[in-house]
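**Student:** just a sequence and a predicted model for now, questions to come.
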Amino acid sequence: MNPSVVIVDDHELFRAGVRSELAEHVEVVGDAAGVETAVPAILAAEPDVVLLDVHMPGGGGVEVIRQVAKVRPEQRFLALSVSDAPDDVIAVIRAGARGYVTKSISSAELADAVRRVADGDAVFSPRLAGFVLDAFAGSLPATQVDPELDQLTAREREVLQHIARGYMYKEIALRLGISAKTVEAHVSAVLRKLQLSNRHELSRWAVQRRLVD
Amino acid sequence: MATVAPPAERTRPQRRRGRGSRRIAVGVALLVLAFLLALRQLGLLFPDAIVWPTMLAAAGVALIWRQWGGRGRPAPPRTTVPPADVAGQEQRAAVRNLYRGGFGVALIVGAGLLFLYANGALSGFGDVALTALVAIAALGLILAPFWWRLANTLAAERAERIRSQERAEVAAHLHDSVLQTLALVQQRASDPKTVATLARRQERELRDWLRGRPPTAERDSFAAALEAAAEAVEEAHGVRIDVVAVGDHALDERGKALVAATREALTNAAKFAGEAGPVSVYAEASPQRVQVFVRDRGPGFRLDGVPPDRRGVRESIVGRMARHGGSATVHTAPGQGTEVELVLEDGRGD
């Protein structure tokens, strides 16, 4: 069965485009153009996945996630944006989105990403994988490290590096000699660390990077 | 006598002027003191009650004239300073002027009080002083809202001016870049490849501008050089290249060689696998080593089937990496795409 989707984006052209492109792969059960209309639409439709634009008037995607999560914490979001600025990405992931893709993604890939999020997996684009590797690089003073949350395991790094190199999950599984499910488990673990870790890089990171750039 | 070097004068006009004001005030005060003492020496007997207040008052007058008289105007803002800075400087200068002028007034009033006190004129005037004080306080309370509103209006006007300047700047930029590209796109609407290339170039340019960083060509780092190489190949072959770079460092000779090898690998990927989808570049730089992966989704090939006269890979990639103490490996198989792995270990020993 195709997953049900609500599209939240303030660009009407874009909503219409996604609707027609994904028609075969997903069931679009609603759309909204802003934060205020999105929250009731999502709560009424209870879709498998919300395709969520990051930049919108009235607080953006982060605000939608925050408000919906109060009532329906199990709702799954896939963030979609033209922006690949690190602070946007990190903010929306930390708010609770289960993936982040840019709008230049092909419709086949987008359909695949929606299905993956509907199944409860995480979707990392190559660029997001690069951000995460960057954010978790560098060492912390040993006293401050919570190894559960503040560091990536060697395997997780390996999986992320392969995503950044442009490999699909299936290809990664083949190359590393593990199952696709295991790859997905690693990515979900990284997502959890991304959301829960207190590494100050994750909050300060974007700012620092701007200064370094 | 003036020991301030010329460059300091140019970079810190405000500071210098401030020091000048104080010096002039002290100088005038000392001159007046010397004059009065000289007169006293000549036999014209001034009591202390006149000498000291006069000196204080002279210093105060000098300060006030310096600040509010004809010569104390704030220097015109330098044109190279961004608008926000100019506003900040103006504000700071205004506050400084106010303080200095206020100090001058305080000196003169203090001198007057000192004079009156020394002459015993203040005794019995306590009630009058209190009355005056209360009157001044009341006046202050009445005028405070007006003053507050005036200050707010000024600040709002300044903010509005800055905003309109910035808006004009943004408009000019969009005009020169995005609108031009859109015009070109409409002209070439029948040529999808050119349109895609135009759009990609404009996208990159706009992203750099939005992030407030200089174009890749003007940045001097390994990651920037890598991105510039990818952009060049992308433009030459009309193939989309996604670059993800983790970590960065300054560009040295070996880094340049690595970028050149990457560029060669990208050119190959664009030529032989450009139709099959975007080419991915992933670079990871750490102090110990730098790794670059160039991956395409093309048909792939059999490594042992490459004829020996194909020099692209052997010379430009493998050979170049070897000469700089690195290595290049090609992973490929028919139907699996191709990935070129370039590694530079930090071999400072060679």
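**Tutor:** Yes, it's here.

**Student:** what's the following helix or strand after the helix or strand hosting residue B:40?
**Tutor:** Assigned by DSSP states H and E, residue B:40 belongs to helix B:13-41. Per DSSP H and E, the first helix or strand lying C-terminal to helix B:13-41 is helix B:48-68.

**Student:** contacts for that following helix, please.
**Tutor:** Helix B:48-68 is contacted by residues B:20-21, B:24-29, B:31-33, B:36-37, B:40, B:72, B:97, B:100-101, B:103-108, B:110-112, B:114-115, B:118-119 when judged by C-beta atoms under 8 Å, 6 or more residues apart in numbering or on different chains. No exception for glycine: its C-beta is placed from N, CA and C like everyone else's.

**Student:** which residue is the nearest non-sequential neighbour of the residue in the stretch 251-350 of chain B that chain A sits nearest to?
**Tutor:** Chain A sits closest to residue B:280 of the stretch 251-350 of chain B, with a gap of 2.9 Å, by C-beta to the nearest C-beta. In space, and not counting its chain neighbours, residue B:280 is closest to residue A:166: 2.9 Å by C-beta to C-beta, 6 or more residues apart in numbering or on different chains.

**Student:** ok, how many other residues are close to the one you found?
**Tutor:** For residue A:166, the neighbour count with other C-beta atoms under 10 Å in any protein chain shown is 25.

**Student:** within the helices and strands, which one has it?
**Tutor:** Counting by DSSP H and E, residue A:166 is found in no helix or strand.

**Student:** what do you get for residue B:291?
**Tutor:** Residue B:291 belongs to strand B:289-296, assigned by DSSP H and E.

**Student:** that strand packs against which elements?
**Tutor:** Secondary-structure packing of strand B:289-296 (3 or more C-beta pairs under 8 Å, 6 or more residues apart in numbering or on different chains; DSSP states H and E): helix B:253-273, strand B:279-285, strand B:338-345.

**Student:** most tightly surrounded among the ones you listed?
**Tutor:** strand B:279-285 (a mean of 25; mean count of other C-beta atoms under 10 Å in any protein chain shown).

**Student:** which among the contacts of helix B:48-68 count as buried?
**Tutor:** Among the contacts of helix B:48-68, those classed as buried by 16 or more other C-beta atoms under 10 Å in any protein chain shown are B:21, B:25, B:28-29, B:32-33, B:36, B:72, B:97, B:100-101, B:103-104, B:107-108, B:111, B:114-115.

**Student:** in the one helix or strand residue A:89 maps to, what's buried?
**Tutor:** Per DSSP H and E: residue A:89 is located in helix A:86-95. Buried residues in helix A:86-95, defined by neighbour count with 16+ other C-beta under 10 Å: A:86, A:88, A:89, A:90, A:91, A:92, A:93, A:94, A:95.

**Student:** which other helices and strands does it contact?
**Tutor:** helix A:60-71, strand A:76-81, strand A:99-102, helix A:126-136, helix A:180-196, helix A:200-212.

**Student:** mean pLDDT, mean neighbour count and distance to chain B added to these, as JSON lines?
**Tutor:** Formatted as JSON lines, these follow (pLDDT from 0 to 100; neighbours: other C-beta atoms under 10 Å in any protein chain shown; distance: least, C-beta to the nearest C-beta, whole Å):
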{"stretch": "helix A:60-71", "mean pLDDT": "90", "mean neighbour count": "19", "distance to chain B": "16"}
{"stretch": "strand A:76-81", "mean pLDDT": "91", "mean neighbour count": "24", "distance to chain B": "12"}
{"stretch": "strand A:99-102", "mean pLDDT": "88", "mean neighbour count": "23", "distance to chain B": "10"}
{"stretch": "helix A:126-136", "mean pLDDT": "86", "mean neighbour count": "24", "distance to chain B": "4"}
{"stretch": "helix A:180-196", "mean pLDDT": "88", "mean neighbour count": "18", "distance to chain B": "14"}
{"stretch": "helix A:200-212", "mean pLDDT": "48", "mean neighbour count": "14", "distance to chain B": "7"}
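
**Student:** contact partners for the closest residue to residue B:253 other than its chain neighbours?
**Tutor:** Excluding the flanking residues, the one nearest residue B:253 by C-beta to C-beta, 6+ apart is residue B:324, at 7.6 Å. Listed by C-beta under 8 Å, 6+ apart, the contact set of residue B:324 reads B:253, B:254, B:257, B:258, B:344.

**Student:** could I get these as JSON lines with pLDDT?
**Tutor:** Putting the contacts of residue B:324 into JSON lines (pLDDT from 0 to 100) gives the following:
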{"residue": "B:253", "pLDDT": "87"}
{"residue": "B:254", "pLDDT": "88"}
{"residue": "B:257", "pLDDT": "90"}
{"residue": "B:258", "pLDDT": "92"}
{"residue": "B:344", "pLDDT": "90"}
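
**Student:** what's the closest of those residues to residue A:16?
**Tutor:** Distance to residue A:16 across the contacts of residue B:324 (C-beta to C-beta) is lowest for residue B:258, with 44.7 Å.

**Student:** now that closest one: closest residue in space that isn't a chain neighbour?
**Tutor:** Here the residue nearest residue B:258, using C-beta to C-beta, 6+ apart, is residue B:344, at 5.4 Å.

**Student:** who does the one you found bridge with?
**Tutor:** Here residue B:344 sits in beta bridges with residue B:290, residue B:326, going by DSSP bridges.

**Student:** is it true that it touches residue B:290?
**Tutor:** Yes: with contact defined as C-beta atoms under 8 Å, residue B:344 reaches residue B:290; the gap is 4.6 Å.

**Student:** mind listing the shared neighbours of those two?
**Tutor:** Shared between the contact lists of residue B:344 and residue B:290 (criterion: C-beta under 8 Å, 6+ apart) are residues B:255, B:258.

**Student:** and residue B:224, which of the three is it?
**Tutor:** With DSSP: H, G, I helix; E, B strand; the rest coil as the basis, residue B:224 sits in helix.

**Student:** how close does it get to chain A?
**Tutor:** Distance, residue B:224 to chain A, using C-beta to the nearest C-beta, to the nearest Å: 9 Å.

**Student:** what segments of the stretch 101-250 of chain B are strands?
**Tutor:** Under the criterion DSSP state E, counting those that start in this stretch, the stretch 101-250 of chain B contains strands at B:241-246.

**Student:** which intervals of chain A have sub-threshold pLDDT?
**Tutor:** A:138-148, A:198-213 (pLDDT under 70).

**Student:** repeat the analysis, applying 80 as the threshold.
**Tutor:** Counting by pLDDT under 80, chain A contains low-confidence ranges at A:1, A:57-59, A:83-88, A:104, A:137-151, A:197-213.

**Student:** what sits against the residue of it found nearest chain B?
**Tutor:** Residue nearest to chain B within chain A (C-beta to the nearest C-beta): residue A:166, separated by 2.9 Å. Residues in contact with residue A:166 (C-beta under 8 Å, 6+ apart) are A:126, B:242, B:278, B:280, B:282, B:295, B:297.

**Student:** CA atoms only for stretch A:80-97, dumped as CSV, please.
**Tutor:** Listed next in CSV are the C-alpha coordinates belonging to stretch A:80-97 (Å, rounded to 0.1, in the frame of the first residue of the first chain):
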residue,chain,number,x,y,z
LEU,A,80,12.5,19.2,2.2
SER,A,81,14.2,22.5,1.3
VAL,A,82,16.1,24.4,-1.3
SER,A,83,18.5,25.4,1.5
ASP,A,84,21.5,23.3,2.3
ALA,A,85,22.7,25.7,5.0
PRO,A,86,24.0,23.6,7.9
ASP,A,87,22.0,25.5,10.6
ASP,A,88,18.7,24.9,8.8
VAL,A,89,19.4,21.2,8.4
ILE,A,90,20.6,20.7,12.0
ALA,A,91,17.7,22.7,13.4
VAL,A,92,14.9,20.7,11.7
ILE,A,93,16.5,17.4,12.4
ARG,A,94,16.9,18.3,16.1
ALA,A,95,13.3,19.3,16.1
GLY,A,96,12.4,15.8,15.2
ALA,A,97,12.4,15.3,11.4
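
**Student:** what sits up against it?
**Tutor:** Stretch A:80-97 has contacts (C-beta under 8 Å, 6+ apart) with A:9, A:51-55, A:61-62, A:65-66, A:69, A:77-79, A:100-105, A:110, A:127-128, A:131, A:134-135, A:191, A:194-195, A:202-203, A:205-207, A:209, B:207, B:210-211.
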